[in-house]
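Chemist: Dropping the sequence and predicted coords here.
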Amino acid sequence: MNDAPDTTAEQIAQTTRYTSYTVFRRLSGLTEDGELTTEQITEALGEVTPLIESGADGGAEVLGFYDVSGFRAEADLMLWLAAEEPAALQRGLREFERSVVGTWLHREWAGVGVHRMAEFAKGHFPSFMDPAFTRKQWITVYPFVRSYEWYLLPDEERNRMLREHGMLGRDYPQVNANTVAAFALGDYEWLLSFEADDLHDLVDMMRHLRYSDARLHVRDELPFHAGRRLETLEDVAALLA
């Protein structure tokens with residue numbers, strides 16, 4: 001997962017970039033009472049997206065809208081953003097929630113993280129930071145908290161377990177990995193997402209990663225949100241209609 005030429009990797013790894021995942025529940029269909037047509041929903045989405053991506057704060061990049069319905073009872077749509085400045089994420093989310101579309105959605109879960117240079121793998125970075133990596137069809141997102149003992153273990157022991165864990169991940173080169181730090185930004189220490197064109201690859205990889213010593217140092221990793229990437233604004237409108 002996530003290999004790049006050394007020079008490029010080092011440059012990207014030294015960059016600071018924030019990201020956010022926000023999960024919404026649909027309050028009601030936007031077209032059910034004749035409030036909006038699907039075309040109007042698409043138009044509204046087309047108007048708010050440039051507002052999210054522009055601004056004095058540099059704007060936030062819309063990494064994707066995802067259909068997360070059916071996997072959890074309270075989830076329908078997920079919005080994935082990235083930005084150089086955390087204020088851009090805040091403003092972008094406000095722009096979306098204040099739009100015609102956003103007023104019909106309820107925020108159910110959210111997480112914010114930031115890329116920081118990895119402790120042992122200095123050239124490691126989330127795939128969303130590298131233009132060479134394209135977004136995949138499916139995604140699973142979850143928070144992560146290590147055991148209390150983890151950070152007190154000798155460096156050599158933690159390095160060994162992380163290398164073992166990383167080698168297991170290399171068995172799935174078709175999966176994009178996105179790990180960011182979330183210390184002090186919420187209730188979690190890390191935010192993780194994995195992307196694949198086939199959903200079963202995410203299922204198989206997550207099970208495969210269980211067979212490592214690092215698994216003994218997990219305190220929390222819930223909730224999981226899985227979903228399918230919506231390629232067009234028309235697809236998003238169809239989900240919300």
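Modeler: Structure received.

Chemist: got the CA positions of the helix-or-strand element of the chain with minimal mean pLDDT in PDB?
Modeler: Least confident helix or strand, the chain: helix 6-13 with a mean of 74, by mean pLDDT, DSSP states H and E. What follows is helix 6-13, C-alpha atoms only, in PDB (Å, rounded to 0.1, in the frame of the first residue of the first chain):
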ATOM      1  CA  ASP A   6      11.800   8.200  -2.700                       C
ATOM      2  CA  THR A   7      12.200  11.900  -3.600                       C
ATOM      3  CA  THR A   8       8.600  12.400  -4.200                       C
ATOM      4  CA  ALA A   9       7.600  10.500  -1.100                       C
ATOM      5  CA  GLU A  10       9.900  12.500   1.100                       C
ATOM      6  CA  GLN A  11       8.500  15.800  -0.300                       C
ATOM      7  CA  ILE A  12       4.900  14.700   0.200                       C
ATOM      8  CA  ALA A  13       5.600  13.300   3.600                       C
END
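
Chemist: What is the helix or strand following it packed up against?
Modeler: Following helix 6-13 in sequence order, the next helix or strand is strand 18-26 (DSSP states H and E). In terms of contacts (3 or more CB pairs under 8 Å, 6 or more residues apart in numbering; DSSP states H and E), strand 18-26 is packed against strand 77-83, helix 86-98, strand 105-114, strand 176-181, strand 190-196. (C-beta placed from N, C-alpha, C; glycine too.)

Chemist: quick one on the thing from earlier: neighbouring contacts of the least confident helix or strand of the chain?
Modeler: By CB atoms under 8 Å, 6 or more residues apart in numbering, the residues outside helix 6-13 that reach it are 3-4, 115, 117-118, 122-125, 129-130, 132.

Chemist: Counting neighbours, which of the residues you listed end up buried?
Modeler: In terms of neighbour count (16 or more other CB atoms under 10 Å), the buried residues within the contacts of helix 6-13 are 4, 115, 123-125, 129-130.

Chemist: Those residues into JSON lines, with extra columns for distance to Val236, secondary structure and pLDDT?
Modeler: Listed next are these as JSON lines, based on distance: CB to CB, whole Å; DSSP: H, G, I helix; E, B strand; the rest coil; pLDDT from 0 to 100:
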{"residue": "Ala4", "distance to Val236": "31", "secondary structure": "coil", "pLDDT": "48"}
{"residue": "His115", "distance to Val236": "27", "secondary structure": "coil", "pLDDT": "97"}
{"residue": "Gly123", "distance to Val236": "35", "secondary structure": "coil", "pLDDT": "79"}
{"residue": "His124", "distance to Val236": "32", "secondary structure": "coil", "pLDDT": "85"}
{"residue": "Phe125", "distance to Val236": "28", "secondary structure": "coil", "pLDDT": "93"}
{"residue": "Met129", "distance to Val236": "24", "secondary structure": "helix", "pLDDT": "95"}
{"residue": "Asp130", "distance to Val236": "25", "secondary structure": "coil", "pLDDT": "92"}
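
Chemist: so where's the protein uncertain?
Modeler: Residue ranges of the chain with pLDDT under 70: 1-7, 30-35.

Chemist: what about stretch 95-102, how long is it end to end?
Modeler: 8 Å (CA to CA, to the nearest Å).

Chemist: Please apply the same query to stretch 149-162.
Modeler: 15 Å.

Chemist: what comes up buried for stretch 194-209?
Modeler: 194-196, 199, 201-202, 205-206, 209.

Chemist: ah, wrong one, I meant stretch 88-100
Modeler: Buried-residue list, stretch 88-100, by 16+ other CB under 10 Å: 88-93, 95-97, 99-100.
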